[in-house]
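>>> what's the 3D shape of this:
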Amino acid sequence: MIIDKYNKRAKKIDSLLCVGLDTDFAKIPKRFLKNKFPQFEFNKWIIEETHEYAAAYKPNSAFYEARGDKGIRELKMTMDYLIKNHPDIFTILDAKRGDIGNTNNGYVQSIFDWLGFDAFTVYPYLGYEAVKPILDRKDKGVILLCRTSNPGARDFQDLEVKDKMVNLAGRPLWQVVAEKVSNEWNKNKNCMLVVGATYPKEMKKIREIAGDMTFLVPGIGAQGGDLKATLKAGLNSKGLGLIINSSRGIMFSKNPKIEAQKLRDEIRKYKVF
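Presented below is the predicted three-dimensional model:
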C-alpha cells in the first residue's frame with residue numbers, strides 16, 4: 001500500500017510533519033530571485049533545511065501554475081530533486097482536482113506519471129464514477145476533501161443530507177463523505193481524507209468512522225489549529241494516521257529549520273497522553 005511509504009518514513013524519524021511548499025513568488029527572499037530558477041532554488045533550500053524533520057512535502061499547485069510554464073517547470077524540478085535526493089519522503093500535490101472520469105485520466109497521467117507524486121488532493125463531489133480513474137491507481141494515494149480547515153468550510157460541508165434515497169440521511173455532508181470513502185471507495189486501500197486541525201470535534205467523529213485511515217491535516221500554524229487537540233482526536237490505533245501540514249509558518253519564517261524542528265518536537269510531545 002502507498003501509505004506504507006509514509007508510515008515507514010514517519011516511524012523512521014519519529015515525526016508526522018509535512019512541510020508545505022506554498023512557494024508564493026512574491027514572498028521568496030530576494031537572494032533567490034537572481035537565480036535562473038528562483039522557485040526551485042528556494043524550494044531546494046527549504047528541503048535541505050527541513051528534511052530531517054519531514055515525513056512529507058506538499059507543494060500547492062496554484063503557486064506554480066500562477067507563473068505559467070516557468071512555474072510548472074520548477075515544480076517538476078522540485079519533484080525530480082526530491083525523488084533523487086530524498087526518495088523515502090512522501091510527496092503530495094495539493095491540487096484539489098476533481099472532474100468527470102475522462103478528465104481525471106489526464107490528472108492521473110500528469111500528477112502521478114509525469115510529475116511523480118505519491119498522492120494528490122481531490123474533490124469527491126462528482127461521485128465515485130468520476131473519481132474512479134484516480135482510485136484505480138493502486139500504487140498511488142487519493143486524498144479526498146472531507147472537512148477542510150478554512151472558515152467557509154461550514155457553508156456546504158455542514159449541510160445535512162436529507163435525500164431519503166441515501167441511506168445516510170440526516171448527517172452533515174462531511175460525515176457522508178467520510179462514510180462513503182471509508183466504506184465504499186477504499187477498495188484498493190489507497191484513500192485518505194483531508195480533515196482540518198481547526199475542527200477537532202469533527203476530526204474525532206471522522207476517526208470513529210474511518211478506522212485507521214490516514215488524514216492530511218491542514219490548519220496548524222497560520223490558521224490557528226490546536227495541535228494538542230488534533231493529535232488527541234486524530235491519531236489512529238497505531239499512533240499514526242496523521243500528516244500534519246505547516247506551510248507559511250515554516251517556509252517564510254526567519255529560520256525554517258528551527259521552526260520545523262519546533263513543530264516536530266511539539267508533535268512528539270503531544271503524541272504521549
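
>>> could you use CA atoms for every contact and neighbour count after this?
Fine.

>>> show me where the protein has its helices.
Along the chain, counting by DSSP state H, helices occupy 3-13, 30-33, 38-50, 62-65, 69-85, 101-107, 128-135, 154-157, 173-180, 200-210, 227-234, 248-251, 256-271.

>>> out of these, the one nearest Val122 is which?
helix 128-135 (8.2 Å; CA to CA).

>>> ok so, going back, okay, the helices of the chain in TSV with mean neighbour count next?
Listed next are the helices of the chain as TSV, based on neighbours: other CA atoms under 10 Å:
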stretch	mean neighbour count
helix 3-13	17
helix 30-33	12
helix 38-50	20
helix 62-65	18
helix 69-85	18
helix 101-107	16
helix 128-135	19
helix 154-157	13
helix 173-180	21
helix 200-210	19
helix 227-234	22
helix 248-251	23
helix 256-271	18
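
>>> closest to Val142 out of those helices?
helix 128-135 (6.4 Å).

>>> any stretches of the stretch 101-250 of the chain with poor pLDDT?
Along the stretch 101-250 of the chain, segments meeting pLDDT under 70 span 163-169.

>>> now do 50
Judged against pLDDT under 50, the stretch 101-250 of the chain has no low-scoring part.

>>> ok, which of the helices of the chain comes nearest Cys191?
Of the helices of the chain, nearest to Cys191 by CA to CA is helix 128-135, at 7.5 Å.

>>> hmm, Asn245 is touching Ile220, no?
Yes. Here Asn245 reaches Ile220: they are 6.7 Å apart, a contact under CA atoms under 8 Å.

>>> between the two, which is the more surrounded one?
Set Asn245 next to Ile220 and count neighbours by other CA atoms under 10 Å: Asn245 wins out with 27 against 22.

>>> who wins for proximity to Trp114 among the helices of the chain?
Nearest of these (CA to CA): helix 69-85, 8.3 Å.

>>> what's the angle from that closest one to helix 38-50?
30 degrees (axes from the mean of the first three to the mean of the last three CA atoms, to 10 degrees).

>>> so who does Leu242 touch?
For Leu242, the contact set (CA atoms under 8 Å, 6 or more residues apart in numbering) comprises Leu16, Thr214, Phe215, Leu216, Val217, Leu231, Gly234, Leu235, Asn236.

>>> enumerate every residue touching the closest residue to Lys238 other than its chain neighbours.
Nearest-residue entry for Lys238: Asp212, 7.8 Å, with adjacent residues in sequence omitted and distances by CA to CA, 6 or more residues apart in numbering. Counting by CA under 8 Å, 6+ apart, Asp212 makes contact with Asn236, Ser237, Lys238, Gly241.

>>> before we move on, back to that, for Arg147, which of the helices of the chain is the nearest?
Judging these by CA to CA, what sits closest to Arg147 is helix 173-180, at 5.7 Å.

>>> before we move on, back to that, make a markdown table out of the contacts of Leu242 and add distance to Thr103.
A markdown table is the format used below for the contacts of Leu242 (distance: CA to CA, whole Å):
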| residue | distance to Thr103 |
| --- | --- |
| Leu16 | 33 |
| Thr214 | 26 |
| Phe215 | 25 |
| Leu216 | 24 |
| Val217 | 27 |
| Leu231 | 36 |
| Gly234 | 33 |
| Leu235 | 34 |
| Asn236 | 34 |
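
>>> ok, of these, which one's closest to Gly249?
Val217 (14.4 Å).

>>> dump the residue contacts of that closest one.
Here Val217 is in contact with Val194, Val195, Gly196, Ala197, Leu242, Ile243, Ile244, Asn245 (CA under 8 Å, 6+ apart).

>>> now which of those residues would you call buried?
Val194, Val195, Gly196, Ala197, Leu242, Ile243, Ile244, Asn245 (16 or more other CA atoms under 10 Å).

>>> contacts only, for Leu193.
Contacts of Leu193 by CA under 8 Å, 6+ apart are Ile143, Leu144, Leu145, Cys146, Ala178, Met213, Thr214, Phe215, Leu216.
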